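In: kindly return the folded structure for what I paste below:
(2 chains)
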Amino acid sequence: MKYLLAVLLACTTFAAGLAAQSDANAIERYFAQYLEDERFSVVYISPKLFQMIDRIGAEQLQLDDQAATTFREVARDLRGLRILSTDVNPQQFYQEAKQRINTKEYEPLMTVRDRGGDNVEFLVRENSQGIIEELLLLAGGADEFTLLSFVGRIDLDKVARLAREMEDKE
Amino acid sequence: MSYEQIKSLLDRYFEGETTLEEEAQLGDYFAGIDVDDRLKAYQPLFTFFRAEAALEAPGIDMPAAKPPARLRRLPAYRRWAAIAASVMLALAVWYGLPKSADVQAPEVAAVDWSKYEVTDPEEALRITKKALKRTSRELNRAADRAAKEITKVKKMADPL
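Out: Okay, the predicted model is just below:
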């Protein structure tokens, strides 16, 4: 019985270790070298903001009630937002970024390619239950290359609704 | 008992004709103190018999016959616990082994994100809003595009 408990304990520790790892994000994994690169600007929003999102009123958000509710619902489940962007050789970095990402871990969701050369690609990393844990947006236009990484539990339907609700007001 | 009586008992004893009771009488006689001198020669024999009879064989520990080996049946909960433990162990090993994808992934150096953190809450909020809005808009654009493509393909497949 003691042995059994020891095994259970070991397994729990293992599981906890895995859970901690899942906060890793694509920028850290594939683009760490760009972080120190002068040509790139990096922005990080920590979980602290998302934790206090419920206390921020609609007025402060500058949104109507409907949009504010959706915005809070989306932001509440986030654990981090990272933005990497540059205006130097955007097309080249976009292509490079696409190649760097391991599609075994990040599943391409959608790609939009405009005739004008604005390319957007969505990738998602799911956990074993099929819940999206990270949403990546790669955007490569003529002027800028941007990589957005949202870590947390992400509901794509709510995210999609957000634009319409926000647009109405602004 | 008289000498004659004992003598005749002895004769019959050596012929092997005495009963157990008579042999006990002989034993008693020779164990006593007034043994006739003519019969003294037989005394050591009977005292020896009696002494020997009183001896108890030292206890010999015979190994108890082993019961035939049998499969031990564990109570149900112990059996399930054992199964659960082995499953957990297998899972632990499986998780512990590096997966092929992990091996291919580039070495991850811990990044100090606090350097890039936006500490002003208003600024952080503004950036988050902008980022989510952009993501949402692109998501819709991609979905619209996909929907249009699907309609196009449907039209091609179904010319009516």
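In: use CA for all of it now, contacts and neighbours both
Out: OK.
In: the helix or strand harbouring A:Glu133: what's the following helix or strand?
Out: A:Glu133 is part of strand A:132-140 when elements are defined by DSSP states H and E. On the C-terminal side of strand A:132-140, the closest following helix or strand by DSSP H and E is strand A:145-152.
In: from the chain's centroid, how far away is that following strand?
Out: Relative to its parent chain, strand A:145-152 has a centroid offset of 4 Å by Cα atoms, centre = their mean, to the nearest Å.
In: any idea of the mean pLDDT in the helix or strand just after it?
Out: For strand A:145-152, the succeeding helix or strand toward the C-terminus, using DSSP H and E, is helix A:156-169. Computed over helix A:156-169, the mean pLDDT rounds to 82.
In: and for helix A:156-169, what's in contact with it?
Out: Outside of helix A:156-169, the residues that reach it under the criterion Cα atoms under 8 Å, 6 or more residues apart in numbering or on different chains are A:63-64, A:66-67, A:70-71, A:73-74, B:132-137, B:139-140.
In: and that helix, which residues are buried?
Out: Neighbour counts using 16 or more other Cα atoms under 10 Å in any protein chain shown place A:Val159, A:Ala160, A:Arg161, A:Leu162, A:Ala163, A:Glu165, A:Met166 of helix A:156-169 among the buried residues.
In: now do that helix against strand A:132-140, angle only.
Out: With axes from the mean of the first three to the mean of the last three Cα atoms, to 10 degrees applied, the angle from helix A:156-169 to strand A:132-140 works out at 50 degrees.
In: list the contacts of the one residue sitting closest to the centre of chain A.
Out: In chain A, the C-alpha nearest the mean C-alpha coordinate belongs to A:Phe150, at 1.6 Å (Cα atoms, centre = their mean). When the contact criterion is Cα under 8 Å, 6+ apart, the partners of A:Phe150 are A:Leu78, A:Arg79, A:Gly80, A:Leu81, A:Arg82, A:Glu134, A:Leu135, A:Leu136.
In: what about the fifth one, which SS state?
Out: Same thing as A:Arg82. Under the three-state scheme (DSSP: H, G, I helix; E, B strand; the rest coil), the conformation of A:Arg82 reads as strand.
In: read off the pLDDT value for it.
Out: Per-residue confidence (pLDDT) for A:Arg82: 93.
In: I'd like to know which of the contacts of A:Phe150 is nearest to chain B.
Out: Closest approach between the contacts of A:Phe150 and chain B, by Cα to the nearest Cα: A:Leu81, at 7.5 Å.
In: before we move on, back to that, now for the contacts of helix A:156-169, which pair is the farthest apart?
Out: Greatest spacing in those, by Cα to Cα: A:Asp64 and B:Leu139 (21.4 Å).
In: between those two, which one's more packed in?
Out: The residue with more neighbours, out of A:Asp64 and B:Leu139, is B:Leu139; 26 against 16, by other Cα atoms under 10 Å in any protein chain shown.
In: so what's the more buried one closest to, chain neighbours aside?
Out: Across the structure, with Cα to Cα, 6 or more residues apart in numbering or on different chains as the measure, the residue nearest B:Leu139 apart from its sequence neighbours is A:Ala160 (6.1 Å).
In: buried stuff in stretch A:36-52?
Out: Residues A:Phe40, A:Ser41, A:Val42, A:Val43, A:Tyr44, A:Ile45, A:Ser46, A:Pro47, A:Leu49, A:Phe50 are the ones in stretch A:36-52 that count as buried (16+ other Cα under 10 Å).
In: repeat for stretch B:21-37
Out: By neighbour count, with 16+ other Cα under 10 Å as the criterion, the buried positions of stretch B:21-37 are B:Glu22, B:Glu23, B:Leu26, B:Gly27, B:Tyr29, B:Phe30, B:Ala31, B:Val35.
In: stretch A:105-123 too?
Out: Of the residues in stretch A:105-123, those with enough neighbours to count as buried (16+ other Cα under 10 Å) are A:105-108, A:110-112, A:118-123.
In: can stretch B:121-130 be found next to chain A?
Out: Yes. With Cα under 8 Å from any Cα of the partner chain as the criterion, chain A is reached by stretch B:121-130 at B:Pro121, B:Ala124, B:Leu125, B:Thr128.
In: could you tell me whether the second one really is in a strand?
Out: Okay, so that is B:Ala124. No. Going by three-state DSSP, the assignment for B:Ala124 is helix, not a strand.
In: the buried residues of stretch B:21-37 in helices, which ones?
Out: Judged by DSSP state H, the buried residues of stretch B:21-37 include B:Glu22, B:Glu23, B:Leu26, B:Gly27, B:Tyr29, B:Phe30, B:Ala31 as members of helices.
In: thought the fourth one was touching B:Leu45?
Out: No. Shown here, B:Gly27 and B:Leu45 do not form a contact pair, counting by Cα atoms under 8 Å, at 9.6 Å.
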